[in-house]
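Colleague: Just a sequence and a predicted model for now, questions to come.
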Amino acid sequence: MFTFIHPLSFVIRFVTRVFPQVSRELDHWRTLAAQIPDRELAAQALASIRDKKFHCQGGCIYSLYPGTDRAAMIRFIVALQTISDYLDNLCDRLTVYNEAAFRQLHLAMTDALTPHGPLHNYYQFYPLHNDGAYLNTLVLACRREVACLPGYGAVQAKAFVLARLYGELQTYKHLAPDIREETMLRWTSDHLPDYPGLSPWEFAAATGSTLGLFMLCAAAACPHPKEETARTIATAYFPYITGLHILLDYFIDAKEDGEHGDLNFTAYYADDRVMADRLAYFINQASIRTQMLPNSNFHQTVICGLLAMYLSDPKTDHQPEQTIKTTLLSRAGWLTRLCYAVCRLLRRKKLL
C-alpha cells in the first residue's frame, strides 16, 4: 500500500531521483535524433525533445508507483512520450494535412505497446521518409520494456484502446482547419453515448493524454494483476484524469493558440466561468474515482501534481488565466496549494 509522503518529500524524491535519469534518457534520444539523415525530420525530432521535456518529466512520476522498476519504467515512459511528441511535431509543424499519413504515423503508438510482431511503414503516406530508423528504434525500445513487465498481459488490451484513441485524435485534430471540426464531431459522436455529461471537446481532450497508458504499464509491474484491476484503472483515468491533464494543458496555451489559429478545446466553453466550473468538475470526478484504486494516495498525489505543475506556469499569471487559477486553487484543497508553492519554487530554480 502506498504510504502517505509529505508533498515536499515526494517532490524532492521526484526531482532528485527521477529527473536526472529522464535527462540521461533524453540525451540518448537527442543524440540519435541529431543523426537523422533527413534534416527536416531531424529538426522536428530535436525540437520535440527540446521543447517538450516537461512531458517526459511529468509522465515519469509513474516510475515512483509502488512495485515498479524505476529505471525500466523511466526508459519506457521517455521512449513512448518521445514518440508522441515527435509525431505531434510531424503533424503540426509542417504544412501536411493528410489523414492517411497521420493515421499511419500513429501506428507507432500501438506498435510500441505490442511486444511482438512486425513493424509498420510509418512514413508510407508522409512526404518525408528517411529518419535513419529513429522511429523504429523508439518503438523497439518500448517493446523491450513492456515485454519485461510480468503483468503486461492483463493490461495490454486496455492500453491498446487508449493508444488507438490517442492516434485517432491526433489524426483528426491535425486536418485542415476547414474540415477538422466537422470530422472530429463525427468521430466523437460515436463515443459520447458511453460518456454522458461530457462535451465532444472534453471527450477529445481525454483521448490526448498518455497518463492512462503509463499507469496501466506501472500496474503491470505487479506479477499477477487482475484484468478487473486494469478495467478499474482505465475507467478511473479515462476520461477524468486524462481529461483534466489535457484541458489544463490547453488552458495555459489558450491565448497562444488563439493568436496562431490553432485548435484549442477550452475555446469551446461559453465563458471563463464555465471553463472554471468544468475544470473543477473534472478535478472532483478524478478525485472520486481514484479513491477506488489500489494505492489511492499515489493517484491523489498525481492529481495534485498535475494542478500544481500547470497552474504554476507563468502563463497563468495574467488575466483571465489568473482568476481561473485562483478559483481552482481555492477549490482544490491544501495539498494542491502546497504542491503549487513547491512547483513555483522549482520554476524559479529552473528545475521545471
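Modeller: Everything's here; your move. Numbering: from 1, shown residues only.
Colleague: per-residue pLDDT, residue 5?
Modeller: Per-residue pLDDT puts residue 5 at 55.
Colleague: Give me the neighbour count for residue 23.
Modeller: When counting by other CB atoms under 10 Å, one arrives at 15 neighbours for residue 23. C-beta: built from backbone N, CA, C; applies to glycine.
Colleague: pretty sure residue 351 contacts residue 14?
Modeller: No - between residue 351 and residue 14 there is no contact under CB atoms under 8 Å: 10.3 Å.
Colleague: Among these two, which residue is more densely surrounded?
Modeller: Applying other CB under 10 Å to residue 351 and residue 14 shows that residue 14 carries more neighbours, namely 19 against 13.
Colleague: Next one: the more buried one from residue 187, what distance?
Modeller: 36 Å (CB to CB, to the nearest Å).
Colleague: likewise residue 269?
Modeller: Taken as CB to CB, the span from residue 269 to residue 187 is 20 Å.
Colleague: How about residue 48, nearest residue that isn't a chain neighbour?
Modeller: residue 85 (4.0 Å; CB to CB, 6 or more residues apart in numbering).
Colleague: For that neighbour, give me its contacts.
Modeller: 48, 49, 52, 55 (CB atoms under 8 Å, 6 or more residues apart in numbering).
Colleague: Next, it: phi, psi?
Modeller: phi -70, psi -40 (degrees, to the nearest 10).
Colleague: so where is the stretch 1-150 of the chain shaky, pLDDT-wise?
Modeller: Applying pLDDT under 70 to the stretch 1-150 of the chain flags residues 1-8.
Colleague: Would you map the helices across it?
Modeller: 7-13, 19-34, 39-51, 53-59, 70-92, 99-105, 107-112, 134-147 (DSSP state H, counting those that start in this stretch).
Colleague: Could you identify which of those is most buried?
Modeller: helix 70-92 (a mean of 23; mean count of other CB atoms under 10 Å).
Colleague: if I look at the closest residue to residue 301 other than its chain neighbours, how far off is residue 235?
Modeller: Ranked by CB to CB, 6+ apart and with sequence neighbours excluded, the top spatial neighbour of residue 301 is residue 10, at 6.2 Å. As judged by CB to CB, residue 10 and residue 235 stand 25 Å apart.
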